[in-house]
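Participant: Sequence and predicted model, in that order:
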Amino acid sequence: MPVTPTYPGVYVEELPSGVHTIAGVSTAVTAFLGYFSQGPLNTATQIFSVADLERNFGSLIANSEAGYAVNQFFANGGAEAWVVRVAASVPPGSPTPAPKSADAPPLPASTQVNDSSNNAVMTVTAASPGSWGDSIRLAVDNNTPAPTTSFNLTVTRVDSSNPPIALATEVYRNMTVGASDPSNVQEVVNSASALINITLTGSSGTLPEATGTVSGDVSTVDLTALASQQLQVTYGTTSSTVTLVTAPASLTELAATLQSLLRGVGSPPVVPNATVTLIPGGGGTQYLQISAVAGDPSVKFEFADTLAGTLALDVAGTRTNVTQYSLADGWDGNPPNGPGLTGDPLAKTGIYALDNTGFNILCLPDLMNLKDTEASAVISAAETYCASQWAFLLVDVPQNAQGAPNPPQRDTLTGIQAWLAGNATLRSSYAALYFPRPQVPDQLNGYRLRAVAPSGTIAGLYARTDGTRGVWKAPAGTTATLTNVAGLTYTMTDAENGVLNPLAINCLRSLPVYGNVCWGARTTAGADQLASDWKYIPVRRLALYIEASLYQGTQWVVFEPNDEPLWSQIRLNVGTFMQNLFLQGAFQGSTPKSAYFVKCDSDTTTQADIDLGVVNILVGFAPLKPAEFVILQIQQIANQGGPS
């Protein structure tokens, strides 16, 4: 900041350099839209691995083309992705479909939790729609410092084994239902849980009924009289009689001994996770709560015999409480149709859920399963969206024309040509098309080969090439190997490749020694007849990289005084960015002058522009273009010198 000299001496003032470094944006952050078994709908979630995908969107399922595509992306070198879960839906303004009908949205599993008088206390809903929520169990106990006004809530997600194994567990202690209480269960759980959401529906202060089997007051039980008492235990179809051999020394020991006995019921044990907890009540009373994580939460303990009577346990199953509360009626919805993928820009659904994510590549693997007309509408909208986001679309071709007699198969040479000829209006410099489909070992089907959408594999290849060579290198050639691709749905010859390449259909080839590789680098606007400036993928992607980087890196210019000092700063900063690209080998030319230019002066910005508040920056570059055709010329020469 400026100094104000007031005394004789030396003053130090720091001056701004005027340098605003322009950092390059990412080039291979890939967005996937598709069908998943769980996760938030129409919400972009950032992931960095397959583990992240499974944690947020569930394990791989057979009808999720997007799931296979994301797996292929990371297998082939991808590092960062955004995933949006979508499902079938109706266009905005259409009548609301009936629940669980063809175009109805997925539904979350839910349950109502009541108090001991069967009055509603709260509604519990799975954190995201889908049948995955049916595996969520809730346990309630009053083992708290204030058992009459607070409770503990345990949320468990279980697998389908019997007895079930807990996949995830969340415990919330000392919860209340008071509206203004800081331990209000709705506020605490909804802000922290990855499994459920809670809506309080009962009157303030009414607690949910404890789960499991709760005994009578055991604080006055004569422990010495319990020796040799028997307890008949019934759990589902298994019955057994256990004996309390010796008298417990304390109520705590009684709880531990009962727990051990119950965990041994059945062969093999049917409730190895049974728990017996000593719970305080009001006025010095104490109770035993018996519970277990159950596969079927409607199955509960039933007790009889002398010990059941002594402890006032659930005699002959007369109590109405359940082993656990269970969420139910979750629905996955149907795989996305055209409206589900396209979405609504106002509601930020479908592809528009990606606003402000900064993605570079867009993959829509579920296009493979759409009808031709529906897929064409989605591709058109996606290309327009990518153009507005400095992004690039990898087109997955629908595999047959559903509803048509004798639908053409797209995994053939004639099939792919016919589809592209019938969709010529979809050609764009912001998109690329690959043929044929890769075949990957399917872990859900005994590792038999499954044909998957090319987009995920190719997006991973883009990321790998960008990282090792730069966005200006064509993601094709003998180094562009396709990882985890065991085969291709069509094996083509050089001659067949020569038919598709001029049409801007990028071929995936199986070559001796090299294996399965990508053997094409054209945008869909790169057909020979179109003679487009944006024929090649690396040229278009390099331009997108420069445009996005300069857009973000020149925001500081806005509202600065529009004159030569500003223009010189712009030339310096933009020129430095372009020079760095030149030094990395991104452009043609042996000198900076022949490789790029940056103009910002009175020639580009006239007085009329200044009066309108406009500053014009002109940036040009000479892009590298891939060597598609290598021609070796071999000539015989006569030996004119004779023997040496």
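Facilitator: Okay, I see it.
Participant: now the closest residue to Arg173 other than its chain neighbours, what's its secondary structure?
Facilitator: Leaving out its chain neighbours, the residue that sits closest to Arg173 by C-beta to C-beta, 6 or more residues apart in numbering is Asn152, at 5.0 Å. All C-beta atoms are positioned from the backbone trio N, CA, C, and that covers glycine. Look at Asn152: counting by DSSP: H, G, I helix; E, B strand; the rest coil, its state is strand.
Participant: Now do the contacts for Cys2.
Facilitator: Just so we're on the same page, residue 2 is Pro rather than Cys. Contacts for Pro2 (C-beta atoms under 8 Å, 6 or more residues apart in numbering) come out as Glu13.
Participant: Please name every helix or strand in contact with the strand ranked longest in the chain.
Facilitator: Criterion DSSP state E: the longest strand present in the chain is strand 166-175. For strand 166-175, the elements it packs on are strand 151-158, helix 185-192, judged by 3 or more C-beta pairs under 8 Å, 6 or more residues apart in numbering; DSSP states H and E.
Participant: sorry, back to before: thinking the residue nearest to Arg173 is in contact with Ala146, fair?
Facilitator: No - the criterion here is C-beta atoms under 8 Å, and Asn152 misses it with Ala146 at 11.5 Å.
Participant: Which residue of the two possesses the greater neighbour count?
Facilitator: Neighbours per residue (other C-beta atoms under 10 Å) separate Asn152 from Ala146, with Asn152 holding more: 19 against 12.
Participant: Can you tell me how far the more buried one is from Asn174?
Facilitator: Per C-beta to C-beta, to the nearest Å, Asn152 is found 7 Å from Asn174.
Participant: where do the contact lists of those two overlap?
Facilitator: In contact with both Asn152 and Asn174: Thr144, using C-beta under 8 Å, 6+ apart.
Participant: do you know which of the helices and strands packed on strand 166-175 lies nearest Thr125?
Facilitator: helix 185-192 (10.0 Å; C-beta to C-beta).
Participant: for the helix or strand following that closest one, what is the average pLDDT?
Facilitator: Tracing the chain C-terminally past helix 185-192 and defining elements by DSSP states H and E, one meets strand 196-200 next. In this model, strand 196-200 carries a mean pLDDT of 96.
Participant: again, but for stretch 538-550
Facilitator: The model assigns stretch 538-550 a mean pLDDT of 97.
Participant: For it, what is the distance to the chain centroid?
Facilitator: What separates the centre of stretch 538-550 from the centre of its chain is 26 Å, taken as C-alpha atoms, centre = their mean, to the nearest Å.
Participant: Show me what that stretch is in contact with.
Facilitator: 22-25, 27, 360, 390-392, 429-430, 462, 471-475, 521, 523, 533-534, 574, 577-578, 581, 586, 617, 619, 621, 623-626.
Participant: Is it possible to mark the buried ones in these?
Facilitator: 22, 24-25, 27, 360, 390-392, 429-430, 462, 471-475, 521, 523, 534, 574, 577-578, 581, 586, 617, 619, 621, 623-624, 626 (16 or more other C-beta atoms under 10 Å).
Participant: Among the residues you listed, name the ones in helices.
Facilitator: By the criterion of DSSP state H, membership of the buried ones among the contacts of stretch 538-550 in helices covers Tyr462, Val574, Phe577, Met578, Leu581.
Participant: Distance to Asp222 for those - can I get that in a markdown table?
Facilitator: Shown next, in a markdown table, are these (distance: C-beta to C-beta, whole Å):
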| residue | distance to Asp222 |
| --- | --- |
| Tyr462 | 76 |
| Val574 | 90 |
| Phe577 | 86 |
| Met578 | 90 |
| Leu581 | 87 |
